[in-house]
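> here's a sequence, model it:
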Amino acid sequence: MVIPAFVLFFIFHTYPALQGVFYSFTNFKGYGNWDFTGFTNYFKVFQDSRALGAYGFTFQFAIVSTILVNIISVLIAMGLNAKIKFRKTLRATYFLPFILSVLIVSYIFQFIFTHMVPDLGQALGIEALSKNILGDQDLAWIGIVIVAVWQSVAFNTLLYLAGLSTVDEQLYEAADIDGAKAWSKFWRITFPLIAPFFTINMVVAMKNFLMAFDQIIALTGGGPGRATESISLLIYRGGFEAGQFAYQSANAVIYFIVIVVISVVQLRILERKEVK
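Predicted coordinates:
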């Protein structure tokens with residue numbers, strides 16, 4: 001039963017990945033002949049200002065989005081975990097964005113940022129809302145963060161809800177008897193007990209945001225200029241549109257290593273915090 005799935009996974013995932021690693025040591029353009037060039041492509045990546053700029057934007061976007069999505073998810077999960085009416089309905093409503101297509105959601109938000117928000121800002125006389133932030137080099141990344149966080153909150157909230165369901169209500173009752181306030185109960189009871197779920201959310205969210213592609217291609221296309229060009233978008237465009245298949249394959253290998261290292265460091269640090 002496992003063999004068919006394994007074969008398909010190898011053909012459509014593992015084999016292409018190994019091909020990419022192989023071609024990263026050549027001058028292959030995606031067509032025609034090629035020759036081995038060793039580590040030349042890898043050295044070029046660290047000297048490429050465009051690639052370094054894309055790394056800078058990607059890290060900025062991923063860090064801000066990861067922090068925001070976890071803060072918002074914890075707050076929503078705690079609200080949905082409380083004894084409120086229509087709790088199941090609200091849980092389904094909050095999870096709805098996650099099942100929608102990323103591209104469709106991004107195109108909808110593009111229309112909102114481009115037309116609806118500026119029109120609303122002009123009608124209300126609010127100058128800050130009167131322009132399209134996606135057309136501003138300094139603000140375009142904020143629009144991408146808003147869309148990415150809005151859609152990612154659903155999955156993180158689901159994980160936090162799973163964590164909150166494992167917390168014994170008797171602990172809160174004992175804390176109430178001792179006169180503990182809401183913040184004390186969260187910091188000393190809730191958060192330590194859901195720390196493993198916090199670790200999972202931080203690692204998964206960071207990994208997903210580092211690999212952001214659909215939101216960027218739909219909202220800004222990497223613009224204005226190259227202000228919102230992520231590594232994933234750069235690899236795609238350079239590899240399939242600019243004849244830099246081997247060079248961007250090397251970039252992809254470096255990026256894969258970066259993501260793995262960041263994930264491992266996150267796990268090590270956060271797991272130590274869990275123990276403490």
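> who's in contact with the residue nearest the centre of the chain?
Nearest residue to the geometric centre of the chain (Cα atoms, centre = their mean): Phe209, 1.8 Å. For Phe209, the contact set (Cβ atoms under 8 Å, 6 or more residues apart in numbering) comprises Phe61, Ala62, Ser65, Thr66, Ala148, Ser152. Any C-beta I mention is one placed from the backbone N, CA and C, and that applies to glycine too.
> with Tyr255 instead?
Ile231, Ser232, Ile235.
> then Asn208?
Contacts of Asn208 by Cβ under 8 Å, 6+ apart are Ser152.
> so how far is Val7 from it?
Counting by Cβ to Cβ, to the nearest Å, the gap from Asn208 to Val7 is 27 Å.
> same question, Trp150
In this view, Trp150 and Val7 are 38 Å apart by Cβ to Cβ.
> more neighbours: which of the two?
Neighbour count, other Cβ atoms under 10 Å: between Trp150 and Val7, Trp150 has more, with 15 against 10.
> ok so, going back, okay, and which of the contacts of Tyr255 map to strands?
Nothing among the contacts of Tyr255 maps onto strands, per DSSP state E.
> most neighbours, which of the residues you listed?
Most neighbours among the contacts of Tyr255, by other Cβ under 10 Å: Ile231, with 25 neighbours.
> quick one: the helices in the stretch 101-250 of the chain?
Remark: helices assigned in the stretch 101-250 of the chain by DSSP state H, counting those that start in this stretch are 102-111, 117-124, 140-164, 169-177, 182-185, 191-193, 195-210, 214-219, 231-240, 245-275.
> got a markdown table for those, with distance to Lys44 and mean pLDDT too?
Output for the helices of the stretch 101-250 of the chain, formatted as a markdown table (distance: least, Cβ to Cβ, whole Å; pLDDT from 0 to 100):
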| stretch | distance to Lys44 | mean pLDDT |
| --- | --- | --- |
| helix 102-111 | 31 | 91 |
| helix 117-124 | 41 | 88 |
| helix 140-164 | 26 | 92 |
| helix 169-177 | 56 | 85 |
| helix 182-185 | 51 | 85 |
| helix 191-193 | 45 | 87 |
| helix 195-210 | 22 | 91 |
| helix 214-219 | 23 | 92 |
| helix 231-240 | 11 | 91 |
| helix 245-275 | 6 | 89 |
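> which of the ones you listed sits closest to Tyr23?
helix 245-275 (4.9 Å; Cβ to Cβ).
> could you give the angle of the closest one to helix 231-240?
160 degrees (axes from the mean of the first three to the mean of the last three Cα atoms, to 10 degrees).
> so which bits of helix 245-275 are buried?
Within helix 245-275, the residues scored as buried using 16 or more other Cβ atoms under 10 Å are 245-255, 259, 262-263, 266, 270.
> swap in stretch 91-100?
For stretch 91-100, by 16+ other Cβ under 10 Å, it's Arg91, Tyr94, Phe95, Pro97, Phe98.
> report the contact partners of the first one.
By Cβ under 8 Å, 6+ apart, the contact set of Arg91 is Leu80, Leu161.
> and with 6 Å instead?
The neighbourhood of Arg91, defined by Cβ atoms under 6 Å, 6 or more residues apart in numbering, consists of Leu80.
> and if you look at the last one?
Phe98 sits next to Ala154, Phe155 when contact means Cβ under 6 Å, 6+ apart.
> with just CA atoms, put the helix or strand harbouring it into CSV.
Assessed by DSSP states H and E, Phe98 sits inside helix 87-99. Output of helix 87-99 as CSV, limited to C-alpha atoms (Å, rounded to 0.1, in the frame of the first residue of the first chain):
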residue,chain,number,x,y,z
ARG,A,87,-18.8,28.6,19.8
LYS,A,88,-18.8,25.9,17.2
THR,A,89,-20.2,28.2,14.5
LEU,A,90,-17.6,30.8,15.3
ARG,A,91,-14.8,28.2,15.1
ALA,A,92,-16.0,27.2,11.6
THR,A,93,-16.2,30.8,10.6
TYR,A,94,-12.7,31.6,11.7
PHE,A,95,-11.3,28.5,10.0
LEU,A,96,-13.0,29.4,6.6
PRO,A,97,-10.1,31.6,5.3
PHE,A,98,-7.7,28.6,5.5
ILE,A,99,-9.7,26.5,3.0
